[in-house]
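>>> here is a sequence together with a model predicted from it:
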Amino acid sequence: MPINEGHVGRSYPPTAPYQLSTAKIAEFAAALGDGNPAYAGDSPLAPPTFAVVLAGAAWGAMFADPELDLQLSRTVHTDQRFTWTRQLRAMDEVTAALTIQKVRARGTTAFITIDVDLVDAAGEPVCTATSTLLHTWPAEVAA
């Protein structure tokens, strides 16, 4: 049975720790075309959208859950919001844990809202990345 409202509240274990490096921050800022000097040097801050890299790693557990019957190839990322406690910076070691917050399933389509909580090595919150995903199934699956 595909994901439904009964899956709200389902959480997945945190990802393996990810340590932000000055090189990864520089690569990300360059990919954005953002020359902000705060993203360079020996102790750079990470661009705010770097959190998507960490949050995206947590999506794997949800897509691997056979009960939900989700496929990344049938998913559109429709909305993204970040709620910050503090900015990410080089040498932070961060884990990400995903929780399903809301599901609106109708026929062959579901809107799924997820929160990914990013915490540092001390267990202190850094950011919550909230995403809304649109997923579709073939008609025979949703029946």
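Cool, the structure landed.

>>> neighbours of residue 140, just the number please.
Neighbour count for residue 140, taken as other Cβ atoms under 10 Å: 7. For the C-beta atoms, the positions are set from N, CA and C on the backbone; glycine is no exception.

>>> low-confidence regions, this structure specifically.
The chain contains residues with pLDDT under 70 at 1, 141-143.

>>> can you give me the helices in it?
In the chain, the helices defined using DSSP state H lie at 22-32, 51-64, 139-142.

>>> which of those is buried the deepest?
When these are scored by mean count of other Cβ atoms under 10 Å, the highest mean neighbour count falls to helix 51-64 (a mean of 18).

>>> who touches residue 81 in this structure?
129, 130, 131 (Cβ atoms under 8 Å, 6 or more residues apart in numbering).

>>> in TSV: those residues, plus neighbour count.
Listed next are these as TSV, based on neighbours: other Cβ atoms under 10 Å:
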residue	neighbour count
129	23
130	16
131	20
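
>>> specify which member of those residues is nearest to residue 69.
Nearest to residue 69 out of the contacts of residue 81 is residue 131 (Cβ to Cβ; 18.6 Å).

>>> now do that closest one against residue 68, distance only.
Applying Cβ to Cβ, to the nearest Å, the value for residue 131 to residue 68 is 15 Å.

>>> now residue 93
For residue 93 relative to residue 68 (Cβ to Cβ), the value is 29 Å.

>>> just want to know which of those two has more residues nearby.
For residue 93 versus residue 68, neighbours defined as other Cβ under 10 Å are more numerous around residue 68 (20 against 12).

>>> any idea how far residue 9 is from the spatially closest residue to that one that is not a sequence neighbour?
Spatial nearest neighbour of residue 68, chain neighbours left out: residue 3 (4.4 Å); criterion: Cβ to Cβ, 6 or more residues apart in numbering. To residue 9, residue 3 is 12 Å away according to Cβ to Cβ.
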